[in-house]
Each structure stands twice: as structure tokens, then as C-alpha cells.
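Enquirer: sequence plus predicted model, see below.
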Amino acid sequence: MAIRKELTLVIENKPGAAARVFKGLAADRINILAMQLEHTGLLRLVVDNPLHAAELMRERKIKVDQRDVLYTVMPNDPGALGRAAMLLADAGVNVEYLYSTAVEGHQMAAVVIGVPDALKASAAAGI
């Protein structure tokens, strides 16, 4: 598992709010690797250039928080997520949140795992 920077922002729960964020990132050639949007407007993003993305959001007067998260690619098969979660549990690491995606028929899935201390979690789980 790699440690990546996750950006968290709160956007309005209105038509077009998320689209404007995504379009702004794309205009600056920032690629979204993973994202989670909640009905409250909480938007979590893992992007290929988090420093530039955070600055872009601040320029647009959008408050952005950053934190380290675990980011990994794992087999897209039954039990893979459970095995990864067990590695963390066996190391005493609490999973605060998790989001993932896979394309049906493809062999791999991407997973983002929010933990209290990503560096410690990665070392403790041996990943």
C-alpha cells in the first residue's frame, strides 16, 4: 500500500457543484485517482498532483484539508478487501473510512483507506 495525500473539501449540495470542481481540476490537467462524495457535500479526492489541486481550490475560495491515507490496488476478487482489512486489524489499526472502485471484468480494484496514522499503519501492517 502506498501513502497518498487526500484532499477533503465541502461543496454545496446543489446541481453542478461537483461538476465545477471536477472541471476546474481537469482544466489544470489534474487527474482524479479516487473520490467519494457524500450527500452532506463532503468530497474526498485522491489526485495525481495534490499540492496543485489544493492551491487551485484555495484560489477558488474553497476550504481544503489534507491528510495522508493508504492507497492501494488489489485483486478484484471475493475476499481481497477482507484480507487487506484483516492485515490492518491484526496490526491494531482502526479503519476510519474506506472507499474503493473496480471495473467489472478487470483484475484489479483501487482502494483508499483512512486511518489515524497512515505511516504507522503502513509500517505496522507490513504493507
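Expert: Now that the structure is in, tell me what you want to look at.

Enquirer: got the contact list for whichever strand or helix holds Val73?
Expert: Using DSSP states H and E, Val73 sits in strand 64-75. The contact list for strand 64-75 (C-beta atoms under 8 Å, 6 or more residues apart in numbering) reads 1-9, 33-34, 46, 50, 54, 57-58, 80-81, 84, 107-115, 118-119, 121-122, 127. Quick note: C-beta positions are derived from backbone N, CA and C, even for glycine.

Enquirer: which one is Val46 nearest to, not counting chain neighbours?
Expert: Closest residue in space to Val46, ignoring its immediate chain neighbours: Ala34 at 4.3 Å, by C-beta to C-beta, 6 or more residues apart in numbering.

Enquirer: same check, this time on Val103
Expert: Once flanking residues are discounted, Val103 sits nearest to Asn76: 7.8 Å by C-beta to C-beta, 6+ apart.

Enquirer: circling back to that earlier point, mean confidence score for the strand holding Val73?
Expert: For strand 64-75, the mean per-residue pLDDT is 94.
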